[in-house]
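**Student:** A predicted structure for the sequence below; I have some questions about it.
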Amino acid sequence: MNDILSHHMVISEHNLLLFLLQFALLLGLCRLVGFFFAKMKQSSVTGELLVGILLGPAIFSKLAPGLQNTIFPNDLAQRSMLETVAWFGNLFLLMETGLEINFSRVWKQGMEAVKITVADLLIPVLLCFLPIYLLPDRYLVDPSQRFLFALFISVIMTISALPIAIRGLRDLNILKTDVGLLIISALTMNDIVGWVVFTIIMGIFAHGSMDLGFVGQLVGLTLLFTVLSLTLGRRLLDRAVTLIHDRAEDNQGLKVTLIVLVGALFGSLTLGIGIHALFGFFIAGIVLGEARHIHEKDRFVVNRLVYSIFVPVFFANIGLRLDFVANFDWFLVLLLSGLGIAGRFLGAYAGAAWARQPRENFQTIAISHTPGGEMHIVVGMLAYTTGLINEVVLVAIIVASLVSTIVFGFWLSFIVNRLRKTSYDIVLEENDVFIDRDNSDPQAMLAWLSGIAARKTGIDQQAILQELTDREEQLSTAVGRSLAMPHARLEGIEKSQVFIVQNQHGIEWDSPDGLPVHLFILILTPKARQNAQIQILRSLSLALQDRKLTAQLLDSNDPKFLWNTIRSELTTCSRCRLA
């Protein structure tokens, strides 16, 4: 028996020592480099990949091959330990991305989001398929699979990085505007459809042929799994989360445990029907994100767990596995970068025009669809590990995704700051400030806000309440630090209206930091003037990032101080005229 155990015991103490050293080195450097990239308003993924490239065969192995081989030996058991942690990063990244998606919110955007999504799926495929199909044989693992290879690359070109887009919109303080919500809804549909198609392609490749019977079965099972998960599965898991919320003291810890368990279960189910576990984790995140009692603070805990530990190791491990210098192909990198950015931009631009969005929003919507980010790297790695693409193509996909992510931040900032400015009238009078309100729940506060707005504007209170309620159900207007900015675009008003309300008892408002909201700034803008909302929200959001100013506003019981302070910040809103 001891001989059998010793024969199978491949993980030694030395293996464990090296693993801990590798893990500490990668995680520490990734977090350090990621910190500096975040300061430069760039994705930390770029820094994490750079750490892996520096420590891998591209750089470290050439400068100090002996030392590199000592720390990262080419040993199956040793590599497997690190790769297991990296795979957790891969799986949890997809689940966390799904958690950020609110599927119900998408349908409330109606046909506008659908039209943008359809155009952003079809146009990149039509633009990219022929150039990829005509690539020389040296870029293909198996030239007989040319059609599948071209289809796969074309589908990759349709997938945008939802987390990167959210981060960019949040940095520019337009995430919670109506156009920001439309962009996120369209990207959500894009992700779901793109991943369904991608998963089917990978299943067909794994099967080895385009047998129509198998393809039909795979498509049917994938769609059945997706539909059942988003309907029956969503209702069952909502009840489970509600039970935990109502009966467990440590409900946040149990919610996180449930999220991980459901991810593992869904991943197992998708593997069982012949598609990759990544898709199961992604759908699990979407389904759990729909639960009524999965709050922003629960998502924040999962986000920190995933992005602080597992995701950095996953991306750094890619750099360790690939020789980026030896496999860098300028032609392919430029081709994929150009086709990807152009295809996604043109697709979303055409979709915005089709959806009859205001012309000034076309570029904002289109640019927000351009970053490839983490998603391209994930699907590229999956295709590489299954043998659909070679190392040269994978390196090109990764570099193209980084190029699109870097370009996105500067491009979006430039366009948003150059939005055509129109003169907007804003009404904020001293008697529009209310101190020491004692509303105890969100609905009561929204009803009261609707009442004061109705008296000032002459618009029916129920109409205003409905607009505000719908807006909160789609995406909470809480911005953190006990602040919320409920807003709506209304028919029947010529000037934007702002109201300031300080609530004596904090109200739970699904804030990202979990803190109750004490200060509300209600913003009502004319329906036809979407940029008025963007400008006012941006101006106030930028000002309220000042923690000292926020603390003063929360602590003050002087209506005049609140009135003067908010008026002062609104004057920084270009071409805004205050009543």
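**Tutor:** That came through, no problem. Quick caveat, the model's predicted, so the values are computed rather than measured.
**Student:** what's the average pLDDT for the helix or strand hosting residue 117?
**Tutor:** Under DSSP states H and E, the secondary-structure element containing residue 117 is helix 111-133. Regarding helix 111-133, the rounded mean pLDDT is 90.
**Student:** check which helices and strands that helix sits against.
**Tutor:** helix 146-156, helix 178-207, helix 330-354 (3 or more Cβ pairs under 8 Å, 6 or more residues apart in numbering; DSSP states H and E). The way it works is simple: take the backbone N, C-alpha and C, and place the C-beta from them, glycine included.
**Student:** that helix to helix 178-207, inter-axis angle?
**Tutor:** 40 degrees (axes from the mean of the first three to the mean of the last three Cα atoms, to 10 degrees).
**Student:** list the buried residues in helix 111-133.
**Tutor:** Residues 112-121, 123-125, 127-129, 132 are the ones in helix 111-133 that count as buried (16 or more other Cβ atoms under 10 Å).
**Student:** and of the helices and strands packed on helix 111-133, who's closest to residue 292?
**Tutor:** Between residue 292 and those, the shortest gap by Cβ to Cβ is with helix 178-207, which sits at 18.5 Å.
**Student:** beyond the closest one, next helix or strand please.
**Tutor:** Tracing the chain C-terminally past helix 178-207 and defining elements by DSSP H and E, one meets helix 212-228 next.
**Student:** ignoring the adjacent residues along the chain, who's closest to the residue nearest to the spatial centre of the chain?
**Tutor:** In the chain, the residue lying closest to the centroid (Cα atoms, centre = their mean) is residue 163, at 2.2 Å. In this structure, residue 163 finds its nearest non-sequential neighbour in residue 97, 6.1 Å apart by Cβ to Cβ, 6 or more residues apart in numbering.
**Student:** pLDDT weak spots in this structure?
**Tutor:** Flagging of the chain using pLDDT under 70 yields the residue ranges 1-10, 41, 102-110, 207-211, 249-250, 419-424, 572-579.
**Student:** so the residue nearest to the centre of the chain is in contact with residue 100, correct?
**Tutor:** Yes - under the criterion of Cβ atoms under 8 Å, residue 163 is in contact with residue 100, at a separation of 6.8 Å.
**Student:** tell me which stretches of this protein form strands.
**Tutor:** Along the chain, the stretches classed as strands by DSSP state E are 424-427, 433-437, 478-480, 483-484, 487-490, 496-507, 517-526, 576-578.
**Student:** how about TSV for these, with distance to residue 465 and mean neighbour count added?
**Tutor:** TSV is the format used below for the strands of the chain (distance: least, Cβ to Cβ, whole Å; neighbours: other Cβ atoms under 10 Å):
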stretch	distance to residue 465	mean neighbour count
strand 424-427	20	19
strand 433-437	16	16
strand 478-480	18	23
strand 483-484	16	24
strand 487-490	10	21
strand 496-507	14	20
strand 517-526	12	24
strand 576-578	26	16
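**Student:** which one of the ones you listed lies nearest to residue 544?
**Tutor:** Relative to residue 544, the nearest member of the strands of the chain by Cβ to Cβ is strand 483-484, separated by 5.9 Å.
**Student:** and that closest one, what does it pack against?
**Tutor:** With contacts taken as 3+ Cβ pairs under 8 Å, 6+ apart, strand 483-484 sits against strand 517-526.
**Student:** now the strand it packs on against helix 178-207, angle please.
**Tutor:** Between strand 517-526 and helix 178-207, the angle formed by their directions is 100 degrees, by the same axes, to 10 degrees.
**Student:** so how far is residue 541 from residue 533?
**Tutor:** Using Cβ to Cβ, to the nearest Å, one obtains 12 Å as the distance from residue 533 to residue 541.
**Student:** of these two, who's got more company?
**Tutor:** Ranked by neighbour count (other Cβ atoms under 10 Å), residue 533 and residue 541 place residue 533 first, with 25 against 20.
**Student:** ok, and the closest non-adjacent residue to the more buried one?
**Tutor:** Take residue 533 and drop its neighbours on the chain: the residue closest to it by Cβ to Cβ, 6+ apart is residue 525, 4.5 Å away.
**Student:** identify the bridge partners of the one you found.
**Tutor:** Each beta-bridge partner of residue 525 is listed here: residue 489, as defined by DSSP bridges.
**Student:** wait, it sits on residue 490?
**Tutor:** Yes - counting by Cβ under 8 Å, residue 490 is a contact partner of residue 525 at 7.4 Å.
**Student:** contacts only, for the residue nearest to residue 163.
**Tutor:** By Cβ atoms under 8 Å, 6 or more residues apart in numbering, residue 97 lies in contact with 162-163, 191, 282, 285, 374-375.
**Student:** any idea which of those residues is closest to residue 139?
**Tutor:** Using Cβ to Cβ, these come closest to residue 139 at residue 375, 21.5 Å.
**Student:** the closest one: how many residues sit nearby?
**Tutor:** The number of residues near residue 375, taken as other Cβ under 10 Å, comes to 24.
**Student:** contacting residues for it?
**Tutor:** Contacts were defined as Cβ under 8 Å, 6+ apart; by that measure residue 375 touches 97, 159-162, 191, 401.
**Student:** any chance of those residues in TSV with distance to residue 558 as columns?
**Tutor:** What follows is the contacts of residue 375, written out as TSV (distance: Cβ to Cβ, whole Å):
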residue	distance to residue 558
97	45
159	51
160	46
161	45
162	42
191	47
401	51
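**Student:** sort out for me which of these are in helices.
**Tutor:** For the contacts of residue 375, membership in helices holds for 97, 162, 191, 401, with DSSP state H as the criterion.
**Student:** which one of the residues you listed sits in the busiest neighbourhood?
**Tutor:** With neighbours defined as other Cβ under 10 Å, the most crowded of the ones in helices among the contacts of residue 375 is residue 401; it has 31 neighbours.
**Student:** can I assume it is in contact with residue 370?
**Tutor:** No - the pair residue 401 and residue 370 does not pass the contact test of Cβ under 8 Å, sitting 10.8 Å apart.
**Student:** any common contacting residues for the two?
**Tutor:** Counting by Cβ under 8 Å, 6+ apart, the residues touching both residue 401 and residue 370 are residue 340.
**Student:** how far does stretch 483-497 sit from its chain's centre?
**Tutor:** Taking Cα atoms, centre = their mean, to the nearest Å, one finds stretch 483-497 lying 27 Å from the centre of the chain it belongs to.
**Student:** coming back round to it: adding distance to residue 412, write the contacts of residue 97 out as TSV.
**Tutor:** Supplementary listing: these in TSV, determined by distance: Cβ to Cβ, whole Å:
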residue	distance to residue 412
162	14
163	14
191	19
282	25
285	25
374	17
375	17
